[in-house]
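**Student:** Below are the sequence and a predicted model; questions follow.
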Amino acid sequence: MQTYLVGGAVRDELLGLEVKDRDWVVVGATPDQMLAEGFKQVGADFPVFLHPGSREEYALARTERKQGHGYHGFEIYSAPDVTLEEDLKRRDLTINAMARDNQGHIIDPFNGQQDIRDRQLRHVSEAFAEDPLRILRIARFAARFAPMGFEVCQNTMELMQTMVNDGEVHHLVAERVWQEIQRALQEKEPGTFFEVLRACGALDVLIPELSPPERFDAAMAALHCVHRHDGNLTQRFAALMSPVPPQEMSERARALKAPNDCTALAQLLATTQPILGESTGTAPGASELLGLLDRADVWRRADRFHTLLEVLRCTLPEMAITNLDALQRAATAAAGVEPRQLLDKGFKGKALGQAIQQERLKCIEQALTGKNR
Ligand SMILES: Nc1ccn([C@@H]2O[C@H](COP(=O)(O)OP(=O)(O)OP(=O)(O)O)[C@@H](O)[C@H]2O)c(=O)n1
């Protein structure tokens, strides 16, 4: 049997990047031989094993052929006669379809090294079209490698467009889509992910709410800004969805199966923005600001409130930034109200709640007029 380093590890080595996961392909072995060598089998779908020492993944060379629609319809053939080249051929991009043997020789039947030099994301073969998840993977690689000059090559983009036109994207399961989106949001150039999806038509299927050009442009500007400020995943998702009205936004977040913290921040942003972004020139008053603070549950979720403020700095129009400053002052002022003191004064139950709110309102009013004086 022979083992080869394959996939992302070879690509990243050649690009001079840090290698995180190392995947290996084993040619000329049977599962029984692997078990006899002390490897542990993982995954029921294909013959993949964990090395007893390094815990790295060793997969028996295999071919894959599509059977039906979606991610599960693959017929997998794995046997000692499957060659390294056959295994490399089933892979997505030429830069991901190289191997290195244990003497350090690169095996590169699809010219991945040339594409690394030319900065091209190019599909290996027409079999690319058998897995629609690859559309999202390629968009994600574009987002990661764009700063190094990589782009999706024309033929690959055309193939992706054909796949979208054939309805392939409808067959993707939400969990896989979300997994790619959340990884892409944290890549080096997250906006590029959505630009590639838009160029091939997949965005109209996956997040059609962002199809109108003015929404797309606003989403990209907000995402870019949050990315520049090193925002976390929830902030990036909220920024992406910021041009979408609350109801539509919530439905899309649910369809994408976005996790609760992402959806909650995006919802909070969607309901806060219209009040603070009011373009009529009237600034929100003390009770409106208190309402926003209540909705954001700043009393118990101060951290989330601060993440919200950071996103608002990226999504609000320039002229509304003074409203944001007012919200921030209101939060600081209202935080000074001590429920304990009101409790000591004899307030209880509902009356205590009302007294707290009244005190907060008073503090906010003072903070606002104090500024205007
Ligand atoms: N839908 C897929 C998933 C994976 N692969 C192949 O399997 C390898 C390993 O996949 P994965 O670990 O997901 O990707 P990496 O290329 O290692 O990328 P990352 O750095 O994001 O982990 C890829 O390089 C590619 O050759 C593929 O062709 N098609």
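**Tutor:** Received it, and whenever you're ready, just let me know what you need.
**Student:** Which pLDDT value belongs to the residue nearest to residue 66 when sequence neighbours are not counted?
**Tutor:** Leaving out its chain neighbours, the residue that sits closest to residue 66 by CB to CB, 6 or more residues apart in numbering is residue 130, at 3.7 Å. All C-beta spots, glycine's among them, are computed from the backbone N, C-alpha and C. Predicted confidence (pLDDT) for residue 130: 90.
**Student:** repeat for residue 70
**Tutor:** Reported pLDDT for residue 70: 56.
**Student:** How about residue 340?
**Tutor:** 89.
**Student:** Equivalent analysis for residue 345, please.
**Tutor:** 89.
**Student:** ditto for the one 5 residues further on
**Tutor:** In the predicted model, residue 350 carries a pLDDT score of 92.
**Student:** how much space between it and residue 1?
**Tutor:** For residue 350, the distance to residue 1 (CB to CB, to the nearest Å) stands at 75 Å.
**Student:** and what of residue 228?
**Tutor:** Distance of residue 228 to residue 1, given as CB to CB: 49 Å.
**Student:** of these two, who's got more company?
**Tutor:** Set side by side, residue 228 and residue 1 show more neighbours around residue 1, with 14 against 9, by other CB atoms under 10 Å.
**Student:** Contact partners for that one?
**Tutor:** Neighbour list for residue 1: 26, 27, 28, 29, 33 [criterion: CB atoms under 8 Å, 6 or more residues apart in numbering].
**Student:** Tell me, how many residues neighbour residue 39?
**Tutor:** If we define neighbours as other CB under 10 Å, then residue 39 has 20 of them.
**Student:** Contacts only, for residue 90.
**Tutor:** When contacts are counted by CB under 8 Å, 6+ apart, residue 90 touches 62, 63, 64, 124, 127.
**Student:** tell me the phi and psi of it?
**Tutor:** The phi/psi pair for residue 90 (degrees, to the nearest 10) reads phi -80, psi 0.
**Student:** pLDDT weak spots in the stretch 101-250 of the chain?
**Tutor:** By pLDDT under 70, the stretch 101-250 of the chain contains no weakly predicted segment.
**Student:** Show me where it has its helices.
**Tutor:** 112-118, 133-145, 154-165, 174-185, 190-200, 203-206, 213-228, 233-241, 246-255 (DSSP state H, counting those that start in this stretch).
**Student:** Show me the contact partners of the longest one.
**Tutor:** Yep, that's helix 213-228 we're talking about. 185, 190-191, 194-195, 198, 203, 209-210, 235-236, 238-244, 310-311, 313-315.
**Student:** Kindly report the same for the first one.
**Tutor:** Here helix 112-118 makes contact (CB under 8 Å, 6+ apart) with 11, 14-15, 93-98, 106, 121-122, 153.
**Student:** Neighbours of the closest residue to residue 18 other than its chain neighbours, how many?
**Tutor:** Distances taken as CB to CB, 6+ apart put residue 12 closest to residue 18, at 7.0 Å, once the chain neighbours are dropped. Residue neighbour count, defined by other CB under 10 Å, stands at 16 for residue 12.
**Student:** Looking at the contacts of helix 112-118, which two lie furthest apart in space?
**Tutor:** 106 and 153 (20.8 Å; CB to CB).
**Student:** Show me how far stretch 345-364 is from its chain's centre.
**Tutor:** 42 Å (CA atoms, centre = their mean, to the nearest Å).
**Student:** what does it contact?
**Tutor:** Contacts for stretch 345-364 (CB under 8 Å, 6+ apart): 286-287, 289-290, 293, 330, 333-334, 336-337, 339, 342-343.
**Student:** now with 6 Å?
**Tutor:** Residues outside stretch 345-364 that contact it (CB atoms under 6 Å, 6 or more residues apart in numbering): 286, 289, 290, 330, 333, 334, 336, 337, 339, 342.
**Student:** residues near residue 97, how many?
**Tutor:** Based on other CB under 10 Å, the number of other residues close to residue 97 is 28.
**Student:** on that earlier part again, and the furthest pair within the contacts of residue 1?
**Tutor:** It's 27 and 33 that sit farthest apart of the contacts of residue 1, by CB to CB, at 11.8 Å.
**Student:** The two - which one has more neighbours?
**Tutor:** Taking other CB under 10 Å, residue 27 and residue 33 do not tie; residue 27 has more neighbours (19 against 14).
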